[in-house]
Each structure stands twice: as structure tokens, then as C-alpha cells.
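>>> what would the 3D arrangement of this be:
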Amino acid sequence: PKPATAAQGKSKPAVAAHEPEPAEPKAPLDLSLHTNVFDPLQPVAPLSDLSIPILPPMFGDKDKTEGPFQLNGKLITNERDDDYWQSVEGAQLQFEFKQ
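Here you go, the predicted model:
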């Protein structure tokens, strides 16, 4: 048996001519709603007890009790640039797990 040469072992992939398909005429887009689309909806009852906050306090005093997990971070900036938003190069996150 004859050894196969590298040129015989490799076949060239067939190149298909890609022609764009003719554009179909676009149908007009109707975004209007039917007049009775909101009829089955019922109004939501207002909150009766507003003393319970929905969100945790974001800008108040931080709780001094430390939990088993802590997350810290900061932006890494290039201080040579005058524009602060253009000077941001990345972020650093610190995860701390306590046992």
C-alpha cells in the first residue's frame, strides 16, 4: 500500500456563494391596544400598614453586628484623567468569610 500524502488527505472545503435574499416588503406594525383590554383588571388595594419599611435602610447608620459574611469593594481609577467616569479602569471586590 502507498502512504497517503498530506495533500491527498486534506480536502478543500466547498465554498458556497452567499447571495442576499431579496427583501420582502415589511408589513406595517400596529401597536395599538383594544379599548377593553384593561377591563378585567382590578385595582390593587393600597398598603394599610406603612410603618413596615419595604426596603432596608440604605443610607442610615450601619449595623455594628458582624455576620459570617462580609463584602467590600472599590473602583480602580486612573487618577491622571480629569474626567472621573473616563478614569474608571476596573473594580475590586473583597469577599470575607468568617468561621
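
>>> let me know the helix or strand that L93 is in.
Assigned by DSSP states H and E, L93 belongs to strand 88-97.

>>> next, give phi and psi for the nearest residue to F95 once chain neighbours are set aside.
Distances taken as Cβ to Cβ, 6 or more residues apart in numbering place L71 nearest to F95, at 6.1 Å, with adjacent residues excluded. All C-beta spots, glycine's among them, are computed from the backbone N, C-alpha and C. In terms of degrees, to the nearest 10, the main-chain angles of L71 are phi -130, psi 130.

>>> give the contact list for L71.
L93, Q94, F95, E96 (Cβ atoms under 8 Å, 6 or more residues apart in numbering).

>>> helix/strand/coil for the nearest residue in space to the second one that is not next to it in sequence?
So that's Q94. Spatial nearest neighbour of Q94, chain neighbours left out: N72 (4.3 Å); criterion: Cβ to Cβ, 6+ apart. What DSSP: H, G, I helix; E, B strand; the rest coil gives for N72 is strand.

>>> any idea how far S87 is from N72?
From N72 across to S87, the span is 21 Å (Cβ to Cβ, to the nearest Å).

>>> same deal with K74?
Distance from K74 to S87, by Cβ to Cβ: 13 Å.

>>> which of those two has more residues huddled nearby?
S87 (14 against 10; other Cβ atoms under 10 Å).

>>> leaving out the residues flanking it, which one is nearest to that one?
Spatial nearest neighbour of S87, excluding adjacent residues (Cβ to Cβ, 6+ apart): D81 at 3.8 Å.

>>> and for the one you found, the neighbour number?
D81: 12 neighbours (other Cβ under 10 Å).

>>> for the residue nearest to F95, give its distance to F97.
10 Å.

>>> please enumerate the helices of the chain.
Per DSSP state H, the chain carries helices over the ranges 6-9, 84-87.

>>> low-confidence ranges, the protein, go.
Regions of the chain meeting the criterion pLDDT under 70 cover residues 1-17, 19-20, 22, 47, 62-64.
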